[in-house]
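Novice: fold the stuff below for me.
(one chain, ligands or ions: 3)
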Amino acid sequence: MKYETVCGLEIHTELLTKTKIFCSCSTAFGGEANTQCCEICTGMPGTLPSLNKKVCEFAVRTGAALHCEINRYTKFDRKNYFYPDLPKAYQISQLYIPICQNGYVEIGDSIKGGKKRVRIHEIHMEEDAGKLIHKDDKTLINFNRCGVPLLEIVTEPDISTGEEAAEFTQKLRDILRFCGVSDCKMQEGSLRADVNVSVRPKGSDTLGTRTEMKNINSFKAIKNAVLHEAKRQISVLECGGEIIQQTRRWDDRENTSYPMRIKENAPHYKYFPEPDIPPLTFSEEYIESVRATLPELPDEKKLRYITKLGLTEYDADIICSDLAFIKLFEKTAELTNSPKESANWIMGEVMRMLSVTQTLPENMNFRAESLGEIINLLSAGKITRSTAKETFEQVFVNGVDPSEYIKQNGLELQNNSDEILAVVRSVISANPKAVDEYLGGKQKAIGFLIGQAMKQLGGKASPNEVSDCIKNEIKT
Ligand code: ADP
Ligand code: MG
Ligand code: ZN
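Specialist: Numbers count the residues shown, from 1 in each chain. Ligands and ions are numbered 1, 2, ... in the order given. Take a look at the predicted model:
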């Protein structure tokens, strides 16, 4: 209780450009090893990098989405270090004048108890390194990833818990996806976080010594890394020990971190201005033209759903938590002209099926048109609510066409009430006791009659319709 946790994140995100940052090799994920590289990205002497314009555009768009100042003048720097996955022995990055600075991302909401801004220190552009594959007693190198463009997004140390760190990363992922700059597939490494943690006496305004855990690639691991590393540091301090500034490896299975190396600082990398790429200057028109391509972002959508479409804050919050929900919601609301009912279906049946089938929202693969059609059939009184739910289940699992499924299984409600009437009459004549009870004032008895009729009709009529029909028949 005497300590508080301080955390800052450095998030690396691979950009969705077709080609690499300084050459025209493909950035496609999963290609055969060492087939997507050339002299430039493998750092052969005498080659020259030429900057992919799209990388700047994506960086500016991200900066605008994260409320950053965008520098009209920016340049690249060399970060020198040797590692087998980096054949040039330097990485082209940005140290002195990053492309974007001083932004923020808002986390928290009125449900979780207040909003909080996590400030963005900077966003810079850089190139990714290759990948080492450790196999038996050998190490193999795949250079396909060398030169894939990255944005590094660095926060101020404004994060105070593991939960906040995970929430921030999730929010950032949504924004990056919305902006179309990255697919942020954490399992493929296109979004990964370096987690910096320190602790200090509660209320202190000086920062404690931090440790850094690199390349963490799930929200849960980010949350646990902050939590457990803070605990470890507190116990070291409590025993009179000292925290050493170091890079530690986070072991997600063991929920512990292990020391790797003493952390390097900028001087160790002998940074110097990149001589092969001239500094960049951006005109106001350019910045504005990129800003104009920004889509409506999650926070703006949420506000519009609540104020314009009448959704509750809770529903809006959950729908805005994932791009897949947003797409489904907006299309369904448009097709049905009923945002409220569309939201109800997403919060109810869609969520239920996701959990039953253990599916991630991003992997839902039914058409919004199908859900829209079901809602429209239901509100037009053509099917019962239970038919609607059954049909949706089939849409979700087997991708059926709703109208066809309903037709094939004879689930549409009868247009003329002949069949209902015939069934009701036979139920009445087969159950004189229940009819007498109802006529004698026992309201409950009608429920039994409705149940019998519904069973025979196999869901082809609505309970209300059947109930009305029975009452009419008994009266006359
Ligand atoms: P680098 O790790 O590249 O040397 P910085 O020193 O700028 O870069 O810090 C990187 C990250 O570490 C930032 O997200 C920053 O907020 C965070 N950070 C810096 N000092 C601390 C600290 N004492 N406790 C927790 N996080 C910190
Ligand atoms: Mg760092
Ligand atoms: Zn190349």
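
Novice: looking at the protein, which residue is nearest ligand 1?
Specialist: G8 (2.1 Å; Cβ to the nearest ligand atom). The way it works is simple: take the backbone N, C-alpha and C, and place the C-beta from them, glycine included.

Novice: chain neighbours aside, what residue packs nearest to that residue?
Specialist: P157 (3.8 Å; Cβ to Cβ, 6 or more residues apart in numbering).

Novice: before we move on, what's the pLDDT of that neighbour?
Specialist: The score at P157 is 97. That number is its pLDDT.

Novice: my read: it touches C7, true?
Specialist: Yes: the criterion here is Cβ atoms under 8 Å, and P157 meets it with C7 at 6.5 Å.

Novice: overlap in contacts, the two.
Specialist: 196, 198 (Cβ atoms under 8 Å, 6 or more residues apart in numbering).

Novice: looking at these two, which is more packed in?
Specialist: C7 (26 against 19; other Cβ atoms under 10 Å).

Novice: phi, psi for that one please.
Specialist: C7 adopts backbone torsions of phi -140, psi 140, taken as degrees, to the nearest 10.

Novice: list the contacts for the nearest residue to it once chain neighbours are set aside?
Specialist: Distances taken as Cβ to Cβ, 6+ apart put I159 closest to C7, at 4.0 Å, once the chain neighbours are dropped. I159 makes contacts with 6-9, 118, 165, 168, 226, as judged by Cβ under 8 Å, 6+ apart.

Novice: what parts of the protein come near ligand 1?
Specialist: By the rule Cβ under 6 Å from any ligand atom, the part of the chain lying against ligand 1 is 6-10, 154-157, 196-198, 207-208, 210, 212.

Novice: which of the contacts of I159 tops the neighbour count?
Specialist: Using other Cβ under 10 Å as the neighbour test, these are led by A165, with 30 neighbours.

Novice: how about residues contacting the helix or strand where A225 lies?
Specialist: Taking DSSP states H and E as the criterion, A225 maps to helix 219-238. Contact with helix 219-238 is made by 3, 5, 7, 9, 159, 161-163, 165-166, 169-170, 186, 193, 195, 197-199, 208, 211, 213, 216, 242-243, 248, 250, 252, 255-257, as judged by Cβ under 8 Å, 6+ apart.

Novice: list the residues that contact the residue of the stretch 101-250 of the chain found nearest ligand 3.
Specialist: With Cβ to the ion, the shortest gap between the stretch 101-250 of the chain and ligand 3 falls at G147, namely 5.6 Å. G147 makes contact with 20-23, 25, 37, 40-41, 127-128 under the criterion Cβ under 8 Å, 6+ apart.

Novice: and the furthest pair within those residues?
Specialist: Using Cβ to Cβ, the two most remote members of these are I40 and D128, lying 14.0 Å apart.

Novice: hang on, D401 packs against S370?
Specialist: Yes: with contact defined as Cβ under 8 Å, D401 counts as touching S370 (7.2 Å).

Novice: picking up where we left off before, report the contact partners of the residue nearest to G8.
Specialist: By Cβ under 8 Å, 6+ apart, the contact set of P157 is 6-8, 196, 198, 207, 210.

Novice: hmm, back to that, just the ones of the contacts of I159 in helices?
Specialist: 165, 168, 226 (DSSP state H).

Novice: near ligand 3, which of those show up?
Specialist: The overlap between the ones in helices among the contacts of I159 and the neighbours of ligand 3 (Cβ under 5 Å from the ion) is empty.

Novice: can you list the residues you listed in TSV and add pLDDT?
Specialist: Converted to TSV, the ones in helices among the contacts of I159 look like this (pLDDT from 0 to 100):
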residue	pLDDT
A165	96
F168	95
V226	97
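
Novice: from the residues you listed, pick the one nearest K54.
Specialist: For these, the residue nearest K54 by Cβ to Cβ is F168; the value is 26.2 Å.

Novice: from A129, how far out is that closest one?
Specialist: Distance, F168 to A129, by Cβ to Cβ, to the nearest Å: 25 Å.

Novice: where does the stretch 251-400 of the chain dip in pLDDT?
Specialist: Residues of the stretch 251-400 of the chain meeting the criterion pLDDT under 70: 266.

Novice: which element is the single nearest residue of it relative to ligand 3 on?
Specialist: Closest residue of the stretch 251-400 of the chain to ligand 3, Cβ to the ion: D276 (14.6 Å). Take DSSP H and E as the rule and D276 turns out to sit in neither a helix nor a strand.

Novice: hmm, back to that, D401 and S370: who's more crowded?
Specialist: Neighbour totals were compared for D401 and S370, and S370 leads with 22 against 16 (other Cβ under 10 Å).

Novice: list the residues that contact that one.
Specialist: Counting by Cβ under 8 Å, 6+ apart, S370 makes contact with 392, 395, 401-402.

Novice: could you do E106 as well?
Specialist: Going by Cβ under 8 Å, 6+ apart, E106 touches 115-118, 171, 299.

Novice: mind listing the residues bridging to it?
Specialist: Beta-bridge partners of E106, counted by DSSP bridges, are R117.

Novice: am I right that S403 sits in a helix?
Specialist: Yes: according to DSSP: H, G, I helix; E, B strand; the rest coil, S403 belongs to a helix.
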